[in-house]
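In: I would like the atomic coordinates for the input below:
(chains A and B)
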Amino acid sequence: MTKKTFLHDEQVKLGAKMIEFAGWIMPVSYTSIIDEHKTVRENIGIFDVSHMGEVYVSGKDSLAFLNKLVPQDVAKLTLSKAIYCQLLNKAGGIIDDLIIYKLEDEKYLIIVNASRIDEDLNWMVRNSLGFDIDIENQSHNYSLLAVQGPKASDLMEKLGIKKENQPEFFSIKRAELFNINVFISRTGYTGEDGFEILVRNEFSELLWNYIIKAGQEFGIKPIGLGARDTLRLEAALHLYGNDLDEQTTPIEAGLTWSISKTKTADYNGKEIIQQQLEKGVNKKLVGLKMLDKAIARHEYEVYYNNEKVGIITSGGVSPILGENIALAYVNNIKDICTGCIVQVKIREKFYNAEIVKKPFVQKKNKV
Amino acid sequence: MSITEGILCSKSHEYVQEKDGKYIVGLTDYAIEQLGDIVFLELPEVGAEFAKGEVFATIESVKAASEIYMPISGKIVEINETVVDNPEILNESPFEKGWLVKIESETASVDSVDLLEYDDYKEELA
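Out: Numbering: from 1, shown residues only, chains lettered A, B, ... in the order given. Model prediction:
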């Protein structure tokens, strides 16, 4: 059974083209993916991302429990701050990538991928033995709106939250918008400055419409999952299921920056992660820019010197660069590095691509 | 005369229209609308022959790549170079400027039996 968010009818009214995604009926685009993409880069866009999951972990062992699940050091997380993490299996493979918010001393909010809620919860419960904690899946009670773009902060000010009171990058705050209680975090999945607003389902439609109305002067438009994908690809942000999976470790995925090298607590997969940190890994995630006119897509093969050396995990167009870009896992050998030319096999033909630095488009979210 | 007059459509959303003894083949406005922003087209060489139902071209929107099937059998006599260079034309004008190939076909009348006239095609989609 596919599920509808509480904003489904509003989106249809706005002319959204709906598709199925991770068991949900979601808007893929309203007008055009390219137009929506540029709207977010230049002005401001609003996304319904209510399919994402919300899990609360509370109790006196919350910190110890979370520290067992992720390679990041949750002990470093201070009140109202957020941290990007990966839920690892015993082999260091990524069960999901998520953001953990510290709401109170013994209460954390975790935002997880829609497609992984069940796996995440099962894994958390399996790991919970001996910990004095509560795991509460609140996904069915909350809607999540993302307001993203260079004018997001101006809009938030218009909504009554002065810039000096807005949460900082990767922080969360309780607030009232139009007398509705919300959590506002300075996070997103576009590479732009922006906010994610967590609101109880019964108020999401009201809030959505209020924000769109107030945002008119900033050029706000509703944005679908299509542009969400092209935006995150330009920013080289990983998509679970494409760029991350249970057979891939955070080191291989280029997420070493997010891992604590000093964490003393034991965590699932620690042995493998430490081994990979010391000895290196066999595959690495690289950015590709197509030199020939062709679009690399998920699962296309990558060749170097007539040998298969990798696979595209995400690929498409970059509306901002006007070029075709991709992320690929390639063999971690010296010859295959930035500036080197590889070939992507597309419909039995080979097309040249250059390995380039990520992200493809400079991120502007650290305010 | 409406631009869709004389246009026959396949279930897989290709259209064919006879003009001066040749057949113009393209993708219907419905197909283009579903695909969204068109960003890439790969068309066959002039002279290539395809049977009805065979893949003869590839179209890519921002979202994904899709194959395009021959609505009737025939030989490619002309391709629309302009849309290869400017695929967004398909979004603006799928019927007039956004045609894909022109073909010669000996079997057009037989091959067309399961194609729908544009109005019936639209009705079937509704």
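In: so who does the residue of chain B at minimum distance from chain A touch?
Out: Nearest residue of chain B to chain A: B:V62, at 4.3 Å (C-beta to the nearest C-beta). Glycine gets a C-beta too; all of them are placed from N, C-alpha and C. Counting by C-beta atoms under 8 Å, 6 or more residues apart in numbering or on different chains, B:V62 makes contact with A:I33, A:I34, A:G226, A:T230, A:G316, A:V317, A:P319, B:G36, B:D37, B:V39.
In: Assign a three-state SS to the fifth one, would you?
Out: Reduced to three states with DSSP: H, G, I helix; E, B strand; the rest coil, the structure at A:G316 is strand.
In: separation between it and A:I34?
Out: The gap separating A:G316 from A:I34 is 11 Å, by C-beta to C-beta, to the nearest Å.
In: and for those two, which residues touch both?
Out: Applying C-beta under 8 Å, 6+ apart, one finds that A:G316 and A:I34 are jointly contacted by A:T230, B:V62.
In: Mind checking which of the contacts of B:V62 land in helices?
Out: Counting by DSSP state H, the contacts of B:V62 place A:I33, A:I34, A:G226, A:T230 in helices.
In: Correct me if wrong: the first one contacts A:L233.
Out: What it means is A:I33. No. A:I33 lies out of contact with A:L233 (C-beta atoms under 8 Å); the separation is 11.6 Å.
In: Of these two, which one has the most company?
Out: Set side by side, A:I33 and A:L233 show more neighbours around A:I33, with 29 against 26, by other C-beta atoms under 10 Å in any protein chain shown.
In: tell me which residues form a beta bridge with the residue nearest to A:L7 when sequence neighbours are not counted?
Out: Ranked by C-beta to C-beta, 6 or more residues apart in numbering or on different chains and with sequence neighbours excluded, the top spatial neighbour of A:L7 is A:D48, at 4.6 Å. With DSSP bridges as the criterion, A:D48 is bridged to A:L145.
In: Roughly how far does A:D48 sit from A:Y101?
Out: A:D48 sits 20 Å away from A:Y101, going by C-beta to C-beta.
In: do B:V16 as well
Out: As judged by C-beta to C-beta, B:V16 and A:Y101 stand 57 Å apart.
In: Report the contact partners of residue 45.
Out: As the question left the chain open, I've gone with chain A. Counting by C-beta under 8 Å, 6+ apart, A:G45 makes contact with A:E36, A:T39, A:V147, A:Q148, A:G149, A:I220, A:K221, A:P222, A:I223, A:A227.
In: I was thinking of chain B, sorry if that wasn't clear
Out: Taking C-beta under 8 Å, 6+ apart, we find B:E45 in contact with B:I76, B:I79.
In: hang on, B:A57 packs against B:L100?
Out: Yes. Using C-beta under 8 Å, B:A57 is in contact with B:L100, at 6.1 Å.
In: Show me whatever sits in contact with both of the two.
Out: Common neighbours of B:A57 and B:L100, counting by C-beta under 8 Å, 6+ apart, are B:L41, B:L43, B:I68.
In: can I get the residues you listed in a markdown table with neighbour count and distance to A:K17?
Out: Shown next, in a markdown table, are the shared contacts of B:A57 and B:L100 (neighbours: other C-beta atoms under 10 Å in any protein chain shown; distance: C-beta to C-beta, whole Å):
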| residue | neighbour count | distance to A:K17 |
| --- | --- | --- |
| B:L41 | 22 | 21 |
| B:L43 | 19 | 26 |
| B:I68 | 23 | 20 |
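In: Sort out for me which of those residues are in strands.
Out: Counting by DSSP state E, the part of the shared contacts of B:A57 and B:L100 found in strands is B:L41, B:I68.
In: would JSON lines of the shared contacts of B:A57 and B:L100 with pLDDT and distance to B:V25 be doable?
Out: Formatted as JSON lines, the shared contacts of B:A57 and B:L100 follow (pLDDT from 0 to 100; distance: C-beta to C-beta, whole Å):
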{"residue": "B:L41", "pLDDT": "97", "distance to B:V25": "13"}
{"residue": "B:L43", "pLDDT": "98", "distance to B:V25": "10"}
{"residue": "B:I68", "pLDDT": "98", "distance to B:V25": "8"}
